[in-house]
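Visitor: Please find the sequence and the predicted model below.
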Amino acid sequence: MGGEFLGVLIMGIGIGIAGVIRRRKKTEKQAKEDEKKQVIQDSHQVMVHTRVHEHLTELRVTVRASRCLVFQFHNGGKFADGSSIKRVSVTHESCSGGVKSMMIESQDVMLNRYMDLVRILDTSPDRIIAVDTLPESAFRSSFEINNVLYFTVSPLKCMDGITPLGFVCCHWCSREGLDEIEKDGISEHSVEQVIESNSRTINAHLTAQQER
């Protein structure tokens, strides 16, 4: 009787150990699969970032801009009443030689400081605008501090085509680039069409990243 009990006990222990081993193998397999998925996801994000930067640089060179940037909207905490604080940050940037980067200084900027930006995105997307035509505001000051004379903003949308994702911004820190384009017989309207087209391409890459 004692031998039978011992045999059952040993068998039970064996089954338990086998179960632990199977679960451990399953856990290890899942961990490897998760790691593989993360590597693929990280690789995809790097590829998207590279493509966006390439298109941004192509846009800057084509329109002779000093600086081209991608800004994206995001939440950054909450106000005392519980409403979310809307912010905007630069996620991609391409600058011509000798032009200062704005990447570091343009992180977590509160959107309510730049209400002129929201208005222009709605009423004058892709249009080349002279900074000195803007009303005195924090928005205008941000351009003047960085020696921007002309700019464009082009809206970016989320996958639903409605929700704002951010915007592409082109800066000209001198009139020289625009004068060169004019001498080449290229109209301002054509430049704006190029900006709109490139912004749509950048938008497509960014929303493709969201799908994953």
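Guide: Cool, the structure landed.

Visitor: Need the residues that contact stretch 51-65.
Guide: Residues from elsewhere that reach stretch 51-65 (C-beta atoms under 8 Å, 6 or more residues apart in numbering): 66-70, 92-96, 168, 170-172, 176-178, 180-181, 191, 194-195, 198-199, 201-202, 205-206. Glycine gets a C-beta too; all of them are placed from N, C-alpha and C.

Visitor: of those, buried ones?
Guide: Buried by 16 or more other C-beta atoms under 10 Å: 66-70, 92-96, 168, 170-172, 177-178, 181, 191, 194-195, 198-199, 201-202, 205-206, out of the contacts of stretch 51-65.

Visitor: now, which of the residues you listed lie within helices?
Guide: Mapping those onto helices (DSSP state H) picks out Gly177, Leu178, Ile181, Val191, Val194, Ile195, Asn198, Ser199, Thr201, Ile202, His205, Leu206.

Visitor: which one of these sits closest to Leu111?
Guide: Leu206 (18.3 Å; C-beta to C-beta).

Visitor: ok, now which ones touch the closest one?
Guide: So Leu206 contacts Val48, Val52, Val70, Gln72, Leu156, Leu165, Gly166 (C-beta under 8 Å, 6+ apart).

Visitor: And it, how far from Ser197?
Guide: According to C-beta to C-beta, to the nearest Å, Leu206 and Ser197 sit 15 Å apart.
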